[in-house]
Each structure stands twice: as structure tokens, then as C-alpha cells.
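Colleague: Below is the sequence, then the predicted model.
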Amino acid sequence: AFDACRAEARQGGDELKSPASDAERPVLVLFRDDLRVADNAALAAASRSGKPVIAAFVLEGASSGARPLGGARRWWLHHSLAALNGTLATIGVRLVLRRGAMGEVVDSLVTESGTDTVFWNRRYDPGAIAADTTMKAGLRNRGVAAESFAGHLLHEPSRLVTSTGGYYKVYSPFWKAVAAGPEPRDPLDVPDGLEPFAGNLASDAPDAFGLLPTKPDWAGGLRQSWTPGEAGARVRLDDFVAGALQDYAEGRDYPAYQATSRLSPHLAHGEITPFQIFAALQGAGSDVSGAGAAKFRKEVGWREFCYHLLFHNPHLGTRNFQPSFNAFPWREDEEALRAWQRGLTGFPIVDAGMRELWETGYMHNRTRMIAASFLTKHLLVDWRAGERWFWDTLVDADAASNPGNWQWVAGCGADAAPYFRIFNPVLQGEKFDPEGRYVRRWLPELARLPARYIHKPWAAPPAVLAESGVRLGETYPRPIVDHRLARERALGAYETARSAP
Ligand code: FAD
């Protein structure tokens, strides 16, 4: 079999040394949504094997299985790969970049290098699971040892079952069950003493991936807001644990303040793991054992729950979790959808959230909930249209958390908010952004309005609007719907769906 491999490799034009023994044959480590060297089980296993190590990242095409990344995540990925390349270089390993279908590219890397072992950390997107399962079987069939490791999640969705053998559909019992299990393991160290592969494998140049936006370059706000990569993730975590964590339980709902961790894009790209997060919470002194840390653990638990749901509902991103919503009378309203996407609905808290998203690739959780509720309830636009917009624009777009939360807000998800609880965007703004600091930041055209009108500029007397430089319908839109009427319309739509045969 090895002779065959060697013959194929030669055909491919690659120089292949003749490995004398299995120990000299390299191990291939795949990097996918785990762009880190610390707490990386696959890399640690490669290190333990004592074999020369090849590290590779494969940029998959649209038909490869995993959900194709949106624009904001592609921007992040470019920088995260550059960071990973740098970090791997410090431990003596070169990152090989290739493009194509994961299984096919790995096959040719195995052939070109004489690899007899392939390691990777597991993915949990259903398309990716299918692709990885096929890849594993194919590799084993050709005599290559293929092994996958856990690391993206604290729990393995396939193993956690309810007392009746099913999966969890409600968050609280889910998290109780996870918390009752063993303590999360300690994070794994960065491997040292890795032996790099001596052969010369061709690699694409990072720029050839074409991940960065060019015409136009819309990523200026992203560059200002984020430091993609493992080191950036670590700085965020340490800063958060040393600072905002203490007031996290109260502060996390106020979008004007940096009271949350902003670790979500780092988690989405696997630059940091929940094991590292939990370890940091344990090790940081007495104040973190309090309410802030407890609440924070639970929020990380929502990410776990979303993955649990996705694993058991592979169509979470496209089908209503509750089939009763299949008869929901969504409206086709391109104009309303565009107003929402651009932050031009006339409801300042919604528009501020949507502009934050466009500018930075991130939106605060409170405004995500308000904006998603507004789209699905006030505008009656299908949650899938909003989910797709978020998927394209969020740097933390996540195959589990994005649809899981959209369905939760729209009322059709697991453990969802009751449909009839419809957020009033004015009251939400007044409660969670009382001074209007968040709105003023993202909607400079309203910055001079007094706080009492900042969430309802249409209610301001003409003299106040004039003094503040606001001309409704010109400098800032009038509301595109009336809250009371929209609420009644939404409740009517819900009744229609409920009473459908
Ligand atoms: P923190 O408050 O610091 O929380 C720490 C971590 O816990 C987060 O990084 C995240 O991994 C996890 N977490 C917190 N809240 C949730 C939640 N409700 N669901 C799942 N995980 C959570 N989060 C994503 O990571 N990717 C998405 O694509 C995404 N889409 C969303 C869409 C909608 C409509 C809504 C309402 C929420 C969405 N969220 C998503 C959840 C949440 O808004 C973000 O995880 C959070 O705002 C990230 O900021 P942070 O890291 O500062 O969070």
C-alpha cells in the first residue's frame, strides 16, 4: 500500500522521502473551527505520538457539507489563519493551506506525504459531521489511522441523554444535567518538542483564499473592534475575568457598556475553548465565585444547549423546531427587510443594534433579541431571513447559536419565549439604555435629542426636534410600523397558525 502511495505522490510531482518505520511517517493534524494550539486535543495527541507533524487547514467549497461562512466570518478567518500560522511557527510547525472538499484534499495530503495517521477535533454542524464521518471511513479503508477528539464543547451531544433516553428540549434541565456531570477537564498545554515534517508540501498563499473584502472594503469597523487569533482571545478572557465579570450578572443587559466578555467570535473560531474559560473562572480569586461567574457559566451553557439542539435537529437552521409554526403567515416584505438590515426602521434601539452589527460584525445580546423580535413580530418577516442576514454579518455567526436563538426569539424554538410576549422597542430602549448612550453612539443623527425622546423621536415636540437637528423622514426615518397595530397583527398571525389544521 505504501508503494502505491509513493507512486501516487510521485505522479503528483511531490518529493517523498522513504520513511523507514511507522514512527517516521508523519501525522496530519487538521485545523477547522479550532484555530489554536493550546487546549487542542488533536495537536496534543499528535505530539504524544512522537511522529513528525503536518498541520493543515482546508478552505472548503460551498458544496462541502459545512455551512459556507458569511462575509464577516471570512474576514475573521483570514486573520485567524495568519495568527495560527504565526503561533504554529513558534512551535516549529508550518501550516499548510489548501482549498477543496475536505475528504479529497486530505486524501491527497496523505498520498503526498506518506502520512499514516490523521487527527482532528470534532465539528458539530450536521453537514460537517457527515463530511467528517465519510472522511474517517475513507481513511481507515485505505489503512490510515483516523481519530477525532472533543474540545469544542463541554458536553458531547451524542452522549448526554435524558432519563427516558431522549435529548433535552428545555435549557434548565439540560444545564442541570451538564453541571451534575464531572467538572470540566483542565485545559491542555501547548505541546512542545513537536517534530515538524521535513517534506515539502505545497501550500496556498493566505491571500489566494480571497477571504478579505476588497471592493468595497467594508471591514474598517471590524479591524478597529477585534484582534482575531488565539492571543487576542486570551487577552479578552483575562481582561474580562479581571474586570467586567464581577458585575456581569447585572451589567450584561446594558448594551452601552462593555459588560460582557465578547468572546463569542473567538469561541466560534475555536481560538479559545469552554474548558479554558471555566479554568480561568476557577483560578481568579474570591470575587469570581459569586453571581457574575455563576451567570457567566450559565450563558456559556446556552451555547452548549444550542449545539445539543442542533445535533439532534440537523435542520435547526431551516425548519421550525415547533412544527405548529409551519402554518405561520409570514409576510414577504423586501422593503421592510431592507429597512431593518440598514438600521432604518425608525425605532432607535432596533436601528442602533443593526448599525452596530454592520459596523463591527457584532451586536449586543439585548439588542439582538430586540432586533430579532422586531423583524419576526412587528414586521412578520420569517426568522430565516433574519438568521441569514446575521449569518452573513456576524463575526460570531454560529451554526448552532444563530438559528437556536432566532427560533427562540421568534417563538418557534425549543424552550422559546411565549409568542404573545412581544417586546415593545420603546420600553426596551428606555429600560436597557436609559440615557440613550448606546443609541447616540450608533445613530449620531439622534445624538442631540434629550434622553426622554431618544427612544421615540416621533413623540418629541417640533421645537425639540429642530433644536436637536432632527428632521423626521429626512435625517432619520419615521417608524415603519405602529407598535400597537403591529402587536395586534402579530397576535392575529399567531392565532391563525395555532388554529391551522
Ligand atoms: P457573554 O455574555 O460574555 O457570554 C459568554 C458566551 O456565552 C458567549 O460568547 C457565547 O458563546 C455564550 N452565550 C451567551 N449568550 C448566549 C445565547 N443566548 N446563546 C448561545 N450562546 C450564548 N451567539 C453566537 O455566538 N453566535 C451567533 O450566531 C448568535 N446569534 C444570535 C442571534 C440572536 C437572534 C440572538 C438573540 C442571540 C444570538 N447569539 C449568538 C447569542 C448571544 O447574543 C451572543 O453569544 C453574545 O451576545 C456574544 O457576546 P459575548 O461573547 O460578549 O457574550
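Modeller: Okay, I see it.
Colleague: got the residues of the stretch 201-350 of the chain near the ligand?
Modeller: 252, 260-264, 267-268, 299-300, 302-303, 306 (C-beta under 6 Å from any ligand atom). (Glycine included, C-beta is placed from N, CA and C.)
Colleague: could I get those residues as CSV with pLDDT and neighbour count?
Modeller: Shown next, in CSV, are these (pLDDT from 0 to 100; neighbours: other C-beta atoms under 10 Å):
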residue, pLDDT, neighbour count
R252, 97, 20
T260, 98, 21
S261, 98, 22
R262, 98, 20
L263, 98, 21
S264, 98, 19
L267, 98, 22
A268, 98, 24
E299, 97, 14
V300, 97, 17
W302, 98, 18
R303, 98, 21
C306, 98, 25
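Colleague: and the residues you listed as CSV, adding secondary structure?
Modeller: Below are those laid out as CSV (DSSP: H, G, I helix; E, B strand; the rest coil):
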residue, secondary structure
R252, coil
T260, coil
S261, coil
R262, coil
L263, coil
S264, helix
L267, helix
A268, helix
E299, helix
V300, helix
W302, helix
R303, helix
C306, helix
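Colleague: ok, those vs E112, which is closest?
Modeller: The closest of those to E112 turns out to be A268 (C-beta to C-beta; 30.8 Å).
Colleague: The closest one contacts W391, correct?
Modeller: No: checked against C-beta atoms under 8 Å, the pair A268 and W391 is beyond contact range at 11.3 Å.
Colleague: list the residues that contact both of those two?
Modeller: By C-beta atoms under 8 Å, 6 or more residues apart in numbering, A268 and W391 have these common neighbours: A397.
Colleague: tell me, which strand in the protein spans the most residues?
Modeller: Counting residues, the longest strand in the chain under DSSP state E turns out to be strand 52-59.
Colleague: can I get the CA coordinates of that strand in PDB?
Modeller: Provided in PDB are the C-alpha atoms of strand 52-59 (Å, rounded to 0.1, in the frame of the first residue of the first chain):
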ATOM      1  CA  PRO A  52       6.600  14.400  12.600                       C
ATOM      2  CA  VAL A  53       3.700  16.700  12.400                       C
ATOM      3  CA  ILE A  54       1.900  18.300   9.500                       C
ATOM      4  CA  ALA A  55      -0.700  21.000  10.200                       C
ATOM      5  CA  ALA A  56      -3.200  21.800   7.600                       C
ATOM      6  CA  PHE A  57      -6.200  24.000   7.000                       C
ATOM      7  CA  VAL A  58      -8.600  23.200   4.200                       C
ATOM      8  CA  LEU A  59     -10.900  26.000   2.900                       C
END
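Colleague: Need the residues that contact it.
Modeller: 24-32, 35, 43, 46-47, 81, 84, 88, 93-100, 102, 105-106, 109, 113, 115, 194-198, 201, 204, 209, 211.
Colleague: Adjacent strands (with direction) for that strand?
Modeller: Under the criterion DSSP bridges, strand 52-59 sits next to strand 27-31 (parallel), strand 95-99 (parallel), strand 195-196 (parallel) in its sheet.
Colleague: Mind checking those for the one nearest to the ligand?
Modeller: Judged by C-beta to the nearest ligand atom, the one of the strands paired with strand 52-59 that comes nearest to the ligand is strand 27-31, at 19.7 Å.
Colleague: Just the residues contacting the closest one, thanks.
Modeller: Contacts for strand 27-31 (C-beta under 8 Å, 6+ apart): 42-43, 46, 49, 51-58, 84, 95, 102, 106, 109-110, 113, 115-120.
Colleague: picking that back up, and the contacts of strand 52-59, which are buried?
Modeller: Among the contacts of strand 52-59, those buried by neighbour count (16 or more other C-beta atoms under 10 Å) are 24-32, 35, 43, 46-47, 81, 84, 88, 93-98, 102, 105-106, 109, 113, 115, 194-197, 201, 209, 211.
Colleague: Enumerate the residues of this structure near the ligand.
Modeller: 252, 260-264, 267-268, 299-300, 302-303, 306, 365, 368-369, 372, 390, 394, 396-398, 401-402, 405-406, 409.
Colleague: what about A45, how many residues close to it?
Modeller: Counted with other C-beta atoms under 10 Å, residues neighbouring A45 total 18.
Colleague: Which residue is the nearest non-sequential neighbour of it?
Modeller: F119 (5.3 Å; C-beta to C-beta, 6 or more residues apart in numbering).
Colleague: elements contacting the strand or helix carrying R355?
Modeller: Here R355 sits within helix 348-360, counting by DSSP states H and E. Counting contacts by 3 or more C-beta pairs under 8 Å, 6 or more residues apart in numbering; DSSP states H and E, helix 348-360 is packed against helix 220-225, helix 334-342, helix 365-373, helix 383-393, helix 425-432, helix 437-442.
Colleague: Tell me which of those helices is the most buried.
Modeller: Using mean count of other C-beta atoms under 10 Å, the stretch among these with the greatest mean number of neighbours is helix 365-373 (a mean of 23).
Colleague: Provide the contact partners of it at residue level.
Modeller: 252-255, 260, 340, 349-350, 352-354, 356, 363, 383, 386, 390, 405-406, 409-410, 422-423, 425, 428-429, 432, 438.
Colleague: Under the pLDDT cut-off, which ranges of the protein? List them.
Modeller: Counting by pLDDT under 70, the chain shows low-confidence ranges at 1-20, 283-289.
Colleague: and with 80 instead?
Modeller: 1-23, 62-65, 283-289, 417, 501 (pLDDT under 80).
Colleague: and V144, what is it in contact with?
Modeller: Shown in contact with V144 (C-beta under 8 Å, 6+ apart): 110, 115-118.
Colleague: burial of F119, as a residue count?
Modeller: Residues near F119, counting by other C-beta under 10 Å, number 22.
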